[in-house]
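Peer 1: sequence plus predicted model, see below.
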Amino acid sequence: MQTATQTMKEVTQGKWNKRPLIISGPCSAETEEQLLATAQRLANTGKVDMLRAGIWKPRTKPGLFEGIGAKGLPWLQQAKKLTGLPTTVEVATGKQVEDALTFEVDVLWIGARTTVNPFSVQEVADALRGVDVPVLIKNPINPDLELWSGAVERVARAGVKQIGLIHRGFSSYGNTEYRNAPMWHLAIEMKRRNPEMMIINDPSHICGRRDILLEVAQKAIDLDFDGLMIESHVDPDNAWSDAKQQVTPERLAEMLDAIIWRKEDVNSEEYHAALEKLRQQINHLDDELMQIIGQRMKIAEKIGEYKKNNNITILQTNRWNSILERAFLKGDKLGLSKEFITKYFDAVHMESINHQNKVMNS
Ligand code: PEP
Ligand code: MN
């Protein structure tokens, strides 16, 4: 039996016949002129496979532009007729699914604010029963893989055969470099869990600004994503939503030209032999690291015995601080980032605490 996800890859490799799949278009459909002009200029680049446009916009706060609504759907239909580009729209309710399908939208996507809500995802899934339309599911706004997987499962259970994923980053409190932190490891884990499912990266909503779009898109391609969804607009600065992150169709084309498109594999014995040798070295080093960490835990257990006999707490903040200080200094000399050292020592330290805990409470 074919899995749902295999079919999605086939669709993108078959009907639109291209990997990576490039989806672009405005954050929101604003006017018929804006949508048609954007679509035409995108089509002129010859580099875009599908036209996106938000028709219903879930906004964090009321009073912002909440989308043109169903009246924009005929514009999309018109854009498709004009350019031949298939279209994709975000849906969040059963009614929106119905309306989008009535106007022959080719691919639906579920937005990040909808993926978080099982009631909404279920409503969308129920409306999709018996309908043969591809659905792309964005990650939820919070870094919760189970919620993302749950949405995929709900849509799959409704009988949708063509499901793909969109990685658009995760929101966090306070200002960071990104509008939504990519947390690449979560997308990589989702990819590992669903090896047959296509996964597209959305640099626009990760970055929230134009100047770092290319960097993020390149990273996604380096990580073997199947495509990109990037917002574009004929007049980005005056867009009614997400103005800071949109680019003109021509700038998009420049970016796509600048990306170094990497392949997953190559048919060269020399390359494979060289890689195999280096990978063996990595395996050896990983084995050694684990051996050494195992030894470290044994020593931590011995310390645990002493602490137990002398009734001393497991955590000693001063000692922990001095371990970290030393590690930052050493790590810096070895080219290891402070961020990595912190994560690594946190993990090692927690494991030590767990080992000591066992000793002290046995
Ligand atoms: C969008 O694609 O315009 C959008 C609202 O995205 P997200 O659901 O990722 O916030
Ligand atoms: Mn947007």
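Peer 2: Perfect, thanks for sending it. Ligands and ions are numbered 1, 2, ... in the order given.
Peer 1: so how far is ligand 2 from G67?
Peer 2: Distance of G67 to ligand 2, computed by Cβ to the ion, to the nearest Å: 11 Å. Every C-beta, even on glycine, is put in place using the N, C-alpha and C of the backbone.
Peer 1: show me the contacts for that residue.
Peer 2: When contacts are counted by Cβ atoms under 8 Å, 6 or more residues apart in numbering, G67 touches S28, A29, G54, I55, W56, K57.
Peer 1: try T342
Peer 2: L324 are the contacts of T342 under Cβ under 8 Å, 6+ apart.
Peer 1: which SSE is it in?
Peer 2: T342 is located in helix 338-360, with elements delineated by DSSP states H and E.
Peer 1: on that earlier part again, columns distance to ligand 2, pLDDT and neighbour count on top of the contacts of G67, output as CSV?
Peer 2: Formatted as CSV, the contacts of G67 follow (distance: Cβ to the ion, whole Å; pLDDT from 0 to 100; neighbours: other Cβ atoms under 10 Å):
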residue, distance to ligand 2, pLDDT, neighbour count
S28, 7, 98, 25
A29, 12, 98, 29
G54, 6, 98, 25
I55, 12, 98, 24
W56, 12, 97, 21
K57, 8, 95, 21
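Peer 1: from those, pick the one nearest L136.
Peer 2: The nearest member of the contacts of G67 to L136, counting by Cβ to Cβ, is G54 at 13.5 Å.
Peer 1: for that closest one, what are its contacts?
Peer 2: Residues counted as contacts of G54 (Cβ under 8 Å, 6+ apart) are P26, C27, S28, A29, G67, V89, E90, S241.
Peer 1: tell me which two of those sit farthest apart.
Peer 2: V89 and S241 (14.4 Å).
Peer 1: neighbour count: the two, which is higher?
Peer 2: Using other Cβ atoms under 10 Å as the criterion, V89 and S241 rank with V89 on top: 26 against 19.
Peer 1: can you give me the strands in the stretch 151-300 of the chain?
Peer 2: Here the stretch 151-300 of the chain has its strands, by DSSP state E, counting those that start in this stretch, at 163-167, 199-201, 227-231.
Peer 1: the first one - what's its average pLDDT?
Peer 2: By that I understand strand 163-167. Here strand 163-167 scores 97 as its mean pLDDT.
Peer 1: partner strands of it and their direction?
Peer 2: Strand 163-167 has the following sheet partners, assigned by DSSP bridges: strand 135-138 (parallel), strand 199-201 (parallel).
Peer 1: that one to strand 227-231, inter-axis angle?
Peer 2: Counting by axes from the mean of the first three to the mean of the last three Cα atoms, to 10 degrees, strand 163-167 lies at 60 degrees to strand 227-231.
Peer 1: any idea how far strand 163-167 is from the chain center?
Peer 2: Put simply, strand 163-167 sits 8 Å off its chain's centre (Cα atoms, centre = their mean, to the nearest Å).
Peer 1: what is the biggest helix by length in the chain packed up against?
Peer 2: Identified as the longest helix of the chain according to DSSP state H is helix 269-310. Judged by 3 or more Cβ pairs under 8 Å, 6 or more residues apart in numbering; DSSP states H and E, helix 269-310 is in contact with helix 338-360.
Peer 1: so which bits of the helix it packs on are buried?
Peer 2: Neighbour-count burial for helix 338-360, counted by 16 or more other Cβ atoms under 10 Å, picks out I341, F345, V348, S352, H355, Q356, V359, M360.
Peer 1: put the alpha carbons of it into PDB.
Peer 2: The C-alpha trace of helix 338-360 is given here as PDB (Å, rounded to 0.1, in the frame of the first residue of the first chain):
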ATOM      1  CA  LYS A 338      29.300  29.100  24.200                       C
ATOM      2  CA  GLU A 339      25.800  27.900  23.200                       C
ATOM      3  CA  PHE A 340      27.000  24.400  22.500                       C
ATOM      4  CA  ILE A 341      29.100  24.200  25.600                       C
ATOM      5  CA  THR A 342      26.100  25.300  27.700                       C
ATOM      6  CA  LYS A 343      23.800  22.700  26.100                       C
ATOM      7  CA  TYR A 344      26.400  19.900  26.300                       C
ATOM      8  CA  PHE A 345      27.300  20.600  29.900                       C
ATOM      9  CA  ASP A 346      23.700  20.900  30.900                       C
ATOM     10  CA  ALA A 347      23.000  17.500  29.500                       C
ATOM     11  CA  VAL A 348      26.100  15.900  31.100                       C
ATOM     12  CA  HIS A 349      25.400  17.600  34.400                       C
ATOM     13  CA  MET A 350      21.800  16.500  34.400                       C
ATOM     14  CA  GLU A 351      22.900  12.900  33.700                       C
ATOM     15  CA  SER A 352      25.400  13.100  36.500                       C
ATOM     16  CA  ILE A 353      22.700  14.400  38.900                       C
ATOM     17  CA  ASN A 354      20.400  11.500  37.900                       C
ATOM     18  CA  HIS A 355      23.200   9.000  38.600                       C
ATOM     19  CA  GLN A 356      24.000  10.500  41.900                       C
ATOM     20  CA  ASN A 357      20.400  10.700  42.800                       C
ATOM     21  CA  LYS A 358      20.100   6.900  42.300                       C
ATOM     22  CA  VAL A 359      23.200   6.300  44.500                       C
ATOM     23  CA  MET A 360      22.000   8.700  47.200                       C
END
